[in-house]
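S.K.: Give me coordinates for this.
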Amino acid sequence: MSDVAVSSSAVPPPARTAAAPVRVARRPAPRLPTEEAPWVRRTLILVAVALLALFLLLPLVAVFAEALRRGLGPVVEALTDPDALAAIRLTLLVAAIAVPANLVFGVAAAWAVAKYEFRGKAFLITLIDLPFSVSPVVAGLVYVLLYSTTHGWFGPILNAAGLQVVFAVPGIVLATIFVTFPFVARELIPLMEEQGTTDEEAALSLGASGLRTFLTVTLPNVKWALLYGVLLCNARAMGEFGAVSVVSGHIRGLTNTMPLHVEILYNEYQFVGAFAVAAVLALLALLTLGLKTLLEVRFADELAAGRRH
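M.R.: The predicted model follows:
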């Protein structure tokens, strides 16, 4: 044995090697029981987009393509025709009367249904929904049976007063009001029922009058639903065909709205004029949709706060 003792401290420790990182394979997050598989979601989205393109986008493109097939000149000529101008004016006039009328009725009906409990409430809601279930043609026929000056129930009274409702502008307005009856009310009723009467009671307890409570509390709370109802009502009023067709009499330049004018031109094989007027109707619909989208983008934060409230 050697006399020289070797100290253990003099022996250098073994060099440490860096351990290679251990890669753990990440497992995909478990799918919730209510969540569909990715391929199912993609398939549903693809089917929805395909159906929208087939039934909405393609017909809209076809309308403008047919209207502009021969250039812009025939379109301008068709739209400046006196009968076409009269149809456009009548359509805007009817919408300008029907929409405010249904606005007032919708707010009053929604207030009564949502804020009060009374006998016959369910029957009132059924009456509000009645235009959704009755064919517009049947509604127009009912107005003919009521207000026709020849065989209507109120015909003798109208004749004595020198008034004409059917086959005139008043009949068109009445028929349009009927078919657009539920839109404003049906947008407001669910929201008002959800909000309850707490805010109104607080305002009244602080000394606010009924009108001031409505203008400063109720109306701001429902203004977006009210706007959507008005937009839907306006779009339906300008595009209504069935009920207006029955009560109008199809008198050129007098009782033809734009949808009726399109039908007459198409039946007479004036395709450029028919599609030109149809394109105007489509533009009005797109303008309504664009206004709705613009307001949603402009007041997105306020809309989100309203939904959270």
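
S.K.: Setting aside sequence neighbours, what's the nearest residue to residue 114?
M.R.: residue 192 (3.3 Å; C-beta to C-beta, 6 or more residues apart in numbering). The way it works is simple: take the backbone N, C-alpha and C, and place the C-beta from them, glycine included.

S.K.: pLDDT score for that neighbour?
M.R.: pLDDT, residue 192: 88.

S.K.: And it, its phi and psi?
M.R.: Note on residue 192: its backbone torsions stand at phi -60, psi -40 [degrees, to the nearest 10].

S.K.: Now for it, how many residues are close by?
M.R.: Counted by other C-beta atoms under 10 Å, the residues lying close to residue 192 total 21.

S.K.: measure it to residue 259 for me?
M.R.: With the distance defined as C-beta to C-beta, to the nearest Å, residue 192 ends up 33 Å from residue 259.

S.K.: lowest confidence element among the helices and strands of the protein?
M.R.: Lowest on mean pLDDT, DSSP states H and E among the helices and strands of the chain sits helix 300-308, with a mean of 57.

S.K.: Name all residues that make contact with the residue nearest to residue 114.
M.R.: By C-beta atoms under 8 Å, 6 or more residues apart in numbering, the residues touching residue 192 are 110-111, 113-115, 218, 222.

S.K.: Would you mind writing the CA trace of stretch 121-128 as PDB?
M.R.: Taking Å, rounded to 0.1, in the frame of the first residue of the first chain, the C-alpha atoms of stretch 121-128 are listed here in PDB:
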ATOM      1  CA  LYS A 121    -103.900  39.200 -22.500                       C
ATOM      2  CA  ALA A 122    -103.400  35.800 -24.300                       C
ATOM      3  CA  PHE A 123    -106.100  36.700 -26.800                       C
ATOM      4  CA  LEU A 124    -104.400  40.000 -27.500                       C
ATOM      5  CA  ILE A 125    -101.100  38.300 -28.200                       C
ATOM      6  CA  THR A 126    -102.900  35.900 -30.500                       C
ATOM      7  CA  LEU A 127    -104.400  38.800 -32.500                       C
ATOM      8  CA  ILE A 128    -101.000  40.400 -32.800                       C
END
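
S.K.: Just want the most central residue of this protein.
M.R.: residue 232 (3.8 Å; C-alpha atoms, centre = their mean).

S.K.: That residue and residue 183 touch, don't they?
M.R.: Yes. Counting by C-beta atoms under 8 Å, residue 232 touches residue 183, with 4.6 Å between them.

S.K.: care to break the chain down by domain?
M.R.: 39-68, 72-307 (the TED database).

S.K.: Report the distance from the first one to the chain centre.
M.R.: Right, the one you point to is domain 39-68. Remark: domain 39-68 is offset 19 Å from the chain centroid, using C-alpha atoms, centre = their mean, to the nearest Å.

S.K.: What mean pLDDT does that domain get?
M.R.: 91.

S.K.: same deal with stretch 138-145?
M.R.: 92.

S.K.: do the same with stretch 120-131
M.R.: The model assigns stretch 120-131 a mean pLDDT of 90.

S.K.: Going by neighbour count, which residues of that stretch are buried?
M.R.: 125, 128, 131 (16 or more other C-beta atoms under 10 Å).

S.K.: residues making contact with it?
M.R.: 109, 112-113, 139, 178-182, 185-186, 189.

S.K.: Tell me the confidence at residue 24?
M.R.: At residue 24, pLDDT is 56.

S.K.: oh sorry, the question was meant for residue 287
M.R.: 88.

S.K.: what's the answer for residue 30, then?
M.R.: Note on residue 30: pLDDT of 64.

S.K.: ditto for the one 3 residues further on
M.R.: Turning to residue 33, the model gives it a pLDDT of 64.

S.K.: And residue 15, by the same measure?
M.R.: 54.

S.K.: Sketch out the helices for the stretch 51-200 of the chain, chain order is fine.
M.R.: 58-67, 72-79, 82-115, 121-133, 136-147, 155-161, 169-179, 182-195, 198-205 (DSSP state H, counting those that start in this stretch).

S.K.: Noted, bye for now.
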